[in-house]
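[1] Based on what follows, work out the 3D shape:
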Amino acid sequence: MKYTGKKFRFVFITFFSFVIAFPVISQGTESAAQKDTSDFFLLPILEVVFSQNVKWRPDYPSYFPPDGFVTHEKIELIELSNGDESFIVKYDKAGRLLEFPFFYNDSYAQINASYTETGALSRMTVTLKNYSSGESNQSDEKIVNITFPNNFLPFSQISPGGEFPPISIRYEDTVYHVFIFESPVFLTETWFDSEGNILFFCKASVNVDNGKWRIRAMELQDINGAQFVDFYFDSYGNITEIKIQDGVFISLYNENLPNYLRYNDLKYELFWDTQNVLQIIKASEFIDEIYTEYRYEYDFDDYGNWIKRRETAYIISSNLLVPDPSYSRGIWVRRIIYFE
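    Now for the predicted structure:
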């Protein structure tokens, strides 16, 4: 491929860049859909909570290690850091998620969850953080506190089905009420302000298997209209395709490890060794024929899990593949705590 001489970094756009946001209620006015924090719905977050698994998705930021939360042993905590950001995944001994990140467009949320003895979700704290190309500003963080009703465990034996009592969401001095409705094949999420006005609505079609559920399609509505998202899976439960308004994410896997990824004109090919350690990523952009190759070196712990990953970037120059440090996306370090 011909190298054009301009620097190029591949950054994916996550599909949760919706217009839904917490409204600001001004004194003397009705609710207004002004953006005051990152956009998010509860249902996609709840899907991760109750699946008890933080799996890589094709709409993750491109610089994020696809095996960042994969280990050979049952772990209590992984802290993944690139020097600018730290992403934490934490489990309790029952395998429930206590902490994990959730990515949006130009932001992400760090989720902290607590449960009752029955495994029902009790409380959740969502810390919304803005970032651009992996760099964050702590002053942009926003804290959302969520309280769930008793026995909030959709598609379980303790779930009453139908409409759950309201979920209370507090952001700064404003309280919102969210109603979740459960049917055998879908969930809905409806937001109300403190005066009982409907703000936003989300409907998620789901597949349910032994109490575990996966979202396969979403419809989101606000004052600007509706948006639709569709998901497709392989036999291992990996997301192979996400259809959104601006394009399609496509990913192919070798069992649970991605080896091909495409979003519109961006393409990635990932190469793993026989121990499932990522060795090379070949990134290309079709229109300008730009090509970048990333190669990796690792340090490992006593369990065979990598704890440090160094990246070297190569570009095409004079028909040769040569290293260029300015293209490197840095070093990732993992702190892993194992259950005894």
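[2] now the strands for the stretch 151-300 of the chain?
    Ranges of strands within the stretch 151-300 of the chain are 162-163, 167-171, 174-182, 186-192, 198-209, 212-222, 225-233, 239-244, 247-254, 257-263, 266-272, 278-285, 290-300, based on DSSP state E, counting those that start in this stretch.
[3] want to try JSON lines for those, with mean neighbour count and mean pLDDT as columns?
    C-beta coordinates here come from the backbone N, C-alpha and C atoms, glycine included. Shown next, in JSON lines, are the strands of the stretch 151-300 of the chain (neighbours: other C-beta atoms under 10 Å; pLDDT from 0 to 100):
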{"stretch": "strand 162-163", "mean neighbour count": "10", "mean pLDDT": "95"}
{"stretch": "strand 167-171", "mean neighbour count": "17", "mean pLDDT": "95"}
{"stretch": "strand 174-182", "mean neighbour count": "17", "mean pLDDT": "96"}
{"stretch": "strand 186-192", "mean neighbour count": "19", "mean pLDDT": "96"}
{"stretch": "strand 198-209", "mean neighbour count": "17", "mean pLDDT": "93"}
{"stretch": "strand 212-222", "mean neighbour count": "18", "mean pLDDT": "92"}
{"stretch": "strand 225-233", "mean neighbour count": "14", "mean pLDDT": "92"}
{"stretch": "strand 239-244", "mean neighbour count": "18", "mean pLDDT": "94"}
{"stretch": "strand 247-254", "mean neighbour count": "18", "mean pLDDT": "94"}
{"stretch": "strand 257-263", "mean neighbour count": "20", "mean pLDDT": "94"}
{"stretch": "strand 266-272", "mean neighbour count": "18", "mean pLDDT": "95"}
{"stretch": "strand 278-285", "mean neighbour count": "18", "mean pLDDT": "94"}
{"stretch": "strand 290-300", "mean neighbour count": "17", "mean pLDDT": "94"}
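[4] Which of those sits closest to Ser326?
    Between Ser326 and the strands of the stretch 151-300 of the chain, the shortest gap by C-beta to C-beta is with strand 290-300, which sits at 10.9 Å.
[5] Phe271 pairs with what?
    Assessed by DSSP bridges, Phe271 has beta-bridge partners Ile280.
[6] shift numbering so it begins at 768
    Let's use 768 as the start, then, which means that last one is Phe1038.
[7] What's the separation between it and Leu1024?
    Counting by C-beta to C-beta, to the nearest Å, the gap from Phe1038 to Leu1024 is 10 Å.
[8] Please apply the same query to Asp1013.
    For Asp1013 relative to Leu1024 (C-beta to C-beta), the value is 27 Å.
[9] Then Ile990?
    Distance, Ile990 to Leu1024, by C-beta to C-beta: 41 Å.
[10] Pro811 is nearest to which of the strands of the stretch 918-1067 of the chain?
    Comparing the strands of the stretch 918-1067 of the chain by C-beta to C-beta, strand 979-989 comes nearest, at 6.5 Å.
[11] how much does that closest one deviate in direction from strand 965-976?
    On the basis of axes from the mean of the first three to the mean of the last three C-alpha atoms, to 10 degrees, strand 979-989 is oriented at 160 degrees to strand 965-976.
[12] Given strand 979-989, what are its sheet partners and their directions?
    If you go by DSSP bridges, strand 979-989 pairs up with strand 965-976 (antiparallel), strand 992-1000 (antiparallel).
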